[in-house]
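J.: Just need the structure, nothing else, for what follows:
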Amino acid sequence: MKLVSTVDEVIANIRKYQNEIKLDEFLQARIAKTVWWYAAKEGDAWIFGPSKFVGYVGMTAEVYRLNYDLDMDGRDTEKNMSGMFVEIGPSASAYTELNAALQAFIASIGKKVGRRFKGFRVAPDLLGTFGPVGRSDEEALIATRIVSDPGICGGRPRIRGTRVRVVDIMQMLSAGMQSEDIVVDFPYITQADIAAALAYGAKAVDHAIVRAA
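T.: Residues are numbered from 1 along each chain as shown. Here you go, the predicted structure:
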């Protein structure tokens, strides 16, 4: 089983899961085992899938059934997708909207969310779809990925675990590089890191202007 390498592959699997679970009892029976639900947008509606289904390339209900206890491990998919998605837990403002959509989806097939459920994972570029309430989620994204240390990079804000500064990312983007190019040139940087740098930069320039009397 090949792990996914892009957000688009995950979204394709989420769409497939959304359709196939309605008719597949094996998928339905494992809803309660899902800890984190991966979320994507289909028009104005949220759609969902569990990591063990969405985390492998070319997943189908049949492949899922045949390999569930053999070649698939949710720990592998979670680790692999951690750099592509942002965690939305109960303390995040976006959680309410996502949870309402998930509960409605699960109820539509006569099931309930399991006790192990902790929250959601969404692609960084979807944070803006929550509108003003998404600001606290951007702050959480910044807090988990942007750090400052007086002994590293002169104390300038940087991506956690690297020497890549926020300003480096901003300069690359302003020079015309796409985020996809950056993660290729710097494989230890993720799309979520870039989203955090952008959020940090936006917050840094959004301050009150003090005018002299």
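J.: How far away from the center of its chain is the helix or strand residue 10 falls within?
T.: Residue 10 belongs to helix 7-20 when assigned by DSSP states H and E. Centre-to-centre, helix 7-20 and its host chain are 14 Å apart (CA atoms, centre = their mean, to the nearest Å).
J.: And the average pLDDT for it is what?
T.: The average pLDDT for helix 7-20 rounds to 92.
J.: And stretch 145-163, by the same measure?
T.: Computed over stretch 145-163, the mean pLDDT rounds to 85.
J.: Which positions in it come out as buried?
T.: By 16 or more other CB atoms under 10 Å, the buried positions in stretch 145-163 come out as 145-146, 153, 157-159. Yep, even glycine has a C-beta here, placed from its N, CA and C like the rest.
J.: before we move on, what about stretch 113-125?
T.: Buried residues in stretch 113-125, counted by 16+ other CB under 10 Å: 113, 117, 119-125.
J.: on that earlier part again, got the contact list for the helix holding residue 10?
T.: Among residues not part of helix 7-20, those counted as contacts by CB atoms under 8 Å, 6 or more residues apart in numbering are 4, 27, 38-40, 42, 47-50, 53-57, 59-61, 81, 84-85, 105, 123, 191.
J.: Roughly how far does residue 185 sit from residue 58?
T.: Here the distance between residue 185 and residue 58 works out to 28 Å (CB to CB, to the nearest Å).
J.: picking that back up, take the buried residues of stretch 113-125 and keep only those in strands.
T.: When DSSP state E defines the strands, the subset of the buried residues of stretch 113-125 inside them is 119-122.
J.: Show me the two of the residues you listed that sit farthest apart.
T.: Spatial extent of these (CB to CB) is set by the pair 119 and 122 at 10.0 Å.
J.: Identify the contacts common to these two.
T.: For the pair residue 119 and residue 122, residues contacting each of them under the criterion CB under 8 Å, 6+ apart are residue 88.
J.: low pLDDT regions in this protein?
T.: 127-140, 205-213 (pLDDT under 70).
J.: Strictly from the record, what residue spans define the domains of it?
T.: With automatic domain parsing serving as the domain definition, the record reports that the chain contains domains spanning 7-122, 136-205.
J.: What ranges does this protein have for its helices?
T.: Using DSSP state H, the helices of the chain run over residues 7-20, 25-29, 51-54, 61-67, 74-81, 95-107, 135-145, 166-174, 179-185, 191-205.
J.: buried ones in the fourth one?
T.: Under the neighbour-count criterion of 16+ other CB under 10 Å, helix 61-67 has 61, 63-64 buried.
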